[in-house]
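*Asks:* Could you look at this predicted model? Sequence included:
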Amino acid sequence: MRIWFKIFRDSRLLKDTVIVDNSNDTRTHKIFHALEQACYAFDLGKPIWLDATVTEFQRHSKARFYQDNFVETIDFDYLEIHVIEE
């Protein structure tokens, strides 16, 4: 599984990274683990999965985490997660 994480501000890509997970873990565990790795790489606290975020991710394998998803203040508009290969 390859998951692409992107940070945007003013519709511009600031940072991105791709996390590859070839373990035999479940899809959900792979996504949570990759999110943890990406947040560590970006020096961010882990975002909270709100119901709207979960629904969007289930439908499109893509979701955006806005300020409402983070406990601390963020200096960008959103973090996007996108599964690019399963």
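*Replies:* Thanks, I have it.
*Asks:* Report the secondary structure state of Ile48.
*Replies:* Classification of Ile48 using DSSP: H, G, I helix; E, B strand; the rest coil returns coil.
*Asks:* same deal with Gln58?
*Replies:* Under three-state DSSP, Gln58 falls in the helix class.
*Asks:* pLDDT score assigned to the residue of the chain most remote from its centre?
*Replies:* Distance to the chain centre peaks in the chain at Asn24, reaching 20.4 Å (criterion: C-alpha atoms, centre = their mean). For Asn24, the model assigns a pLDDT of 93.
*Asks:* I'd assumed it was in a strand, is it?
*Replies:* No. Counting by three-state DSSP, Asn24 is not part of a strand but coil.
*Asks:* Could you report the distance from it to Lys30?
*Replies:* Distance of Asn24 to Lys30, given as C-beta to C-beta, to the nearest Å: 10 Å. Every C-beta, even on glycine, is put in place using the N, C-alpha and C of the backbone.
*Asks:* Next: Phe70.
*Replies:* According to C-beta to C-beta, Phe70 stands 22 Å off from Lys30.
*Asks:* which one of those two has more residues nearby?
*Replies:* Lys30 (20 against 17; other C-beta atoms under 10 Å).
*Asks:* what does the host helix or strand of that one contact?
*Replies:* With elements taken from DSSP states H and E, the one containing Lys30 is helix 27-42. Helix 27-42 has contacts (C-beta atoms under 8 Å, 6 or more residues apart in numbering) with 1, 3, 5, 7, 15, 17, 19, 21, 23, 25, 45-47, 79, 81, 83, 86.
*Asks:* same question, stretch 78-86
*Replies:* In contact with stretch 78-86 (C-beta under 8 Å, 6+ apart) are residues 1-8, 18, 27, 31, 35, 38, 42, 44, 47, 57, 61-66, 69.
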